[in-house]
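[1] no sequence on this one, just coordinates:
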């Protein structure tokens, strides 16, 4: 397999091998991955991709090194057994990753989401060649086997101290005992081998995650808090007839996002709520609204591009009702850039997104959310404008490309002093 370099060795500042198991936009972590790839390349660095093959993938000159597509749904008993082994330790990923490392000789490796489809087997290659490595923790997988410290609609921290057997007892992975047991084996296997010790620095998009990692035994000296960022200019919003006449939730409709709590907070009120997005709870939510005659809640399904920008930009405020340890959600960052006030649940990293630009409520408590909406409704025009300005200022100070590159450069320089 031959690699065509992004730029020749004299022009490239640094070669950075970035790893993410999906090479298309699947969620917030991929949004960050490709934004960072663009940011680094704009500044003259060569970014080398390592991922999984998929028909939805963006083009990559390194795709010959990608591992075969792996699905954990369906299949024969044999393919399921092979998939289980790959979760624990993928020899294919290790072999292809080592080939890519030898072919490109990266100065630094930046890991994103790599567990399961790629597996921690690639960490053995990093150890073998002693390559400086950072890991952006987009989720809690490094310390929680189901990645979100939540099962059966409740927050759970029972695996603290490496007590991974709780994952099987609680059926934490897709409510399956078998799948949970596979993850338990994965957890103990890599704990005993100290696989994650090869990672020099763990970057967390929220301060909450940094503190949670430390609480679960990750040395504080390894952790660095660097918020996510948007690499776009502030978009133009087309004003609509319902400008600032509705509250907005946009994102996945699933249990951990607190969408039922959100809808209940609007019951028997005159405020309008727009819900943009789709997910496993979409049908159940719409049925609940219909059965309870909640006429002020409207569903708009999945939206993107200018339509989504207009939904956000015309909202009176954006609501973040999460009931799990949210990290640094892109929905909130997009809202901040467009100067939208935030009403957020007091959980995970959400409070870090509210600073004189909105209100916080008790996660999972519809009455508490209702109370905070009443506070925002009571603002006079001058106070409301101050909230809008505070959101824009928070974005500029924390979530811009320039700020992000400066902070990330400091991390890279500690590992590779030549980085510029």
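    Done, it's in. Only a predicted model underlies this, so the values are computations on that prediction, with no experimental measurement involved.
[2] And the lowest-mean-pLDDT helix or strand in the chain, how far out from the chain middle?
    Averaged element by element with mean pLDDT, DSSP states H and E, the chain has its least confident helix or strand at helix 77-88 (a mean of 78). Once both centres are worked out by C-alpha atoms, centre = their mean, to the nearest Å, helix 77-88 turns out to sit 26 Å from its chain's centre.
[3] same question, stretch 335-352
    When distances are taken as C-alpha atoms, centre = their mean, stretch 335-352 is centred 15 Å away from the chain's centroid.
[4] Please identify the buried residues of the least confident helix or strand of the chain?
    Along helix 77-88, these residues count as buried under the neighbour rule (16 or more other C-beta atoms under 10 Å): 80, 83, 84, 86, 87, 88. (C-beta placed from N, C-alpha, C; glycine too.)
[5] In contact with residue 89: list those residues for me.
    Shown in contact with residue 89 (C-beta atoms under 8 Å, 6 or more residues apart in numbering): 119, 120, 121, 189.
[6] Spell out which helix or strand contains the first one, please.
    Spelled out, that is residue 119. Under the criterion of DSSP states H and E, residue 119 resides outside all helices and strands.
[7] do the last one as well
    With elements taken from DSSP H and E, the one containing residue 189 is helix 177-193.
[8] Of the contacts of residue 89, just say which sits nearest to residue 219.
    Ranking the contacts of residue 89 by separation from residue 219, with C-beta to C-beta as the measure, puts residue 120 on top at 18.1 Å.
[9] residues near the nearest residue to that closest one once chain neighbours are set aside, how many?
    Once flanking residues are discounted, residue 120 sits nearest to residue 195: 4.6 Å by C-beta to C-beta, 6 or more residues apart in numbering. Counted with other C-beta atoms under 10 Å, the burial measure for residue 195 works out to 20 neighbours.
[10] And residue 195, how close does it get to residue 221?
    Going from residue 195 to residue 221 by C-beta to C-beta, to the nearest Å gives 19 Å.
[11] picking up where we left off before, mind giving me the PyMOL select for the contacts of residue 89, buried ones only?
    With 16+ other C-beta under 10 Å as the burial test, the buried ones among the contacts of residue 89 are selected in PyMOL as follows:
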select buried, resi 119+120+121
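[12] Same list, the contacts of residue 89, but as TSV with distance to residue 230 please.
    As requested, those are exported to TSV (distance: C-beta to C-beta, whole Å):
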residue	distance to residue 230
119	31
120	30
121	33
189	38
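[13] Could I get the contacts of residue 89 in a markdown table, plus columns for distance to residue 206 and pLDDT?
    What follows is the contacts of residue 89, written out as a markdown table (distance: C-beta to C-beta, whole Å; pLDDT from 0 to 100):
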| residue | distance to residue 206 | pLDDT |
| --- | --- | --- |
| 119 | 26 | 94 |
| 120 | 23 | 96 |
| 121 | 28 | 96 |
| 189 | 28 | 93 |
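[14] where exactly do the helices run in the stretch 1-150 of the chain?
    Taking DSSP state H, counting those that start in this stretch to define them, one finds helices in the stretch 1-150 of the chain at 28-42, 77-88, 91-104, 122-129.
[15] What residues sit buried inside the first one?
    Of the residues in helix 28-42, those buried under the neighbour-count criterion (16+ other C-beta under 10 Å) are 28, 29, 30, 31, 32, 33, 34, 35, 36, 37, 39, 40.
[16] Quick check: nearest residue in space to residue 256, chain neighbours excluded?
    residue 324 (3.8 Å).
[17] Look up how far residue 254 lies from that neighbour.
    Applying C-beta to C-beta, the value for residue 324 to residue 254 is 10 Å.
[18] Which one's more surrounded, these two?
    Under the criterion of other C-beta under 10 Å, the comparison of residue 324 against residue 254 puts residue 324 first, with 21 against 15.
[19] quick one: contacts of stretch 344-354?
    With C-beta under 8 Å, 6+ apart as the criterion, stretch 344-354 contacts 205-209, 227, 258, 319-329, 332-333, 336, 342, 358-364, 369, 394.
[20] Let me know whether residue 323 touches residue 258 as I believe.
    Yes - taking contact to mean C-beta atoms under 8 Å, the distance of 4.2 Å between residue 323 and residue 258 places them in contact.
[21] quick one: common contacting residues for the two?
    In contact with both residue 323 and residue 258: 345, 363, 364, using C-beta under 8 Å, 6+ apart.
[22] Who's the closest spatial neighbour of the last one, skipping the chain neighbours?
    Computed as C-beta to C-beta, 6+ apart, the closest residue to residue 364 that is not its neighbour in sequence is residue 323, at 5.0 Å.
[23] Right, I'll call it a day here.
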